[in-house]
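A.B. asks: This is the structure alone, sequence omitted:
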């Protein structure tokens, strides 16, 4: 299966030629208001995708990622899945193409999302690195919006917020919402950042910012979220936050996070506030 990105260098969306053509027709101000900009042609986006028992959604998610018209590498790290994810990953690697290079890595034993993220970070070669869950809760079509502050030199790190309010959001568990808000508030008290969604999957890093924190990362499970946030803040990287849509799934649909992960996140907030 192809990604649908059959563009040449002059017409591919977000190429300098594409942007100049639109700017001449629409004007610079409308282009900025519409979020239209140019990504340098030499730039590479690394999309790190932790995978654990995601055979129901994995191929559809990867197809959505490949459809984003940006040159990228997809780094899929299987955390010892017990379903058919491994076979799907091997098929996806065989479909690698120049604009969507697919690289896979297999953990011999299950270690957790944080361990898979760290493995993916270590393999990433891109100018910008983004975390993408393997389910369908987050929409890859929003990559261009998330990349823009980094491409334009305004940010080192971008968080995609589910709670800023102007994007579609599936209504689900109120207690989860309260837990997320509480953890974000406590994280903000420790980091002095004013985030609205510390626990978001969509965290985007410039190559330099990631290189700065990668050697210090330790968390294997969902504690990776407050750890990343604390270490970004400790190093005073420039952080932007943008609204994103969210199509949350239920536990019956395969949601992995559990109450104990919230307790671990709470411990990590104070652990990484106290010391690196």
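C.D. replies: Ah, there it is. Quantities reported herein were computed from a predicted structural model and do not represent experimental measurements.

A.B. asks: now the strands: where do they sit in the protein?
C.D. replies: Taking DSSP state E as the test, the strands found in the chain are 45-51, 72-78, 100-106, 128-131, 157-161, 203-206, 239-243.

A.B. asks: and the last one, which strands flank it?
C.D. replies: Taking DSSP bridges as the criterion, strand 239-243 sits next to strand 157-161 (parallel) in its sheet.

A.B. asks: So, low pLDDT: which residues of the chain?
C.D. replies: By pLDDT under 70, the weakly predicted segments of the chain are 1-10, 169, 171-172, 249-258.

A.B. asks: Point me to the residue sitting closest to the centre of it.
C.D. replies: By CA atoms, centre = their mean, the chain has its centre lying nearest to residue 131, at 2.7 Å.

A.B. asks: before we move on, the earlier item: could you point out which of the strands of the chain sits nearest residue 35?
C.D. replies: Among the strands of the chain, the nearest to residue 35 by CB to CB is strand 239-243 (10.0 Å). Quick note: C-beta positions are derived from backbone N, CA and C, even for glycine.

A.B. asks: Surely residue 159 and residue 197 touch.
C.D. replies: Yes - Residue 159 is within contact range of residue 197, at 6.5 Å (criterion: CB atoms under 8 Å).

A.B. asks: So for the two, which residue has more residues nearby?
C.D. replies: Higher neighbour count among residue 159 and residue 197: residue 159, with 25 against 22, using other CB atoms under 10 Å.

A.B. asks: leaving aside the residues next to it on the chain, what's closest to that one?
C.D. replies: residue 241 (4.7 Å; CB to CB, 6 or more residues apart in numbering).

A.B. asks: what sits against that neighbour?
C.D. replies: 158-161, 164, 195-197 (CB atoms under 8 Å, 6 or more residues apart in numbering).

A.B. asks: Between those, identify the one with the most neighbours.
C.D. replies: Of all the contacts of residue 241, residue 160 has the most neighbours under the rule other CB under 10 Å, reaching 27 neighbours.

A.B. asks: distance of the nearest residue to that one once chain neighbours are set aside from residue 30?
C.D. replies: Computed as CB to CB, 6+ apart, the closest residue to residue 160 that is not its neighbour in sequence is residue 202, at 3.1 Å. According to CB to CB, to the nearest Å, residue 202 stands 26 Å off from residue 30.

A.B. asks: More neighbours: which of the two?
C.D. replies: Per other CB under 10 Å, whichever of residue 202 and residue 30 has more neighbours is residue 202, with 23 against 12.

A.B. asks: thought residue 135 was touching residue 54?
C.D. replies: Yes - between residue 135 and residue 54 there is a contact under CB under 8 Å: 6.3 Å.

A.B. asks: what about the nearest residue to residue 267 once chain neighbours are set aside, how many neighbours?
C.D. replies: Computed as CB to CB, 6+ apart, the closest residue to residue 267 that is not its neighbour in sequence is residue 223, at 7.4 Å. By the criterion of other CB under 10 Å, residue 223 has 23 neighbours.
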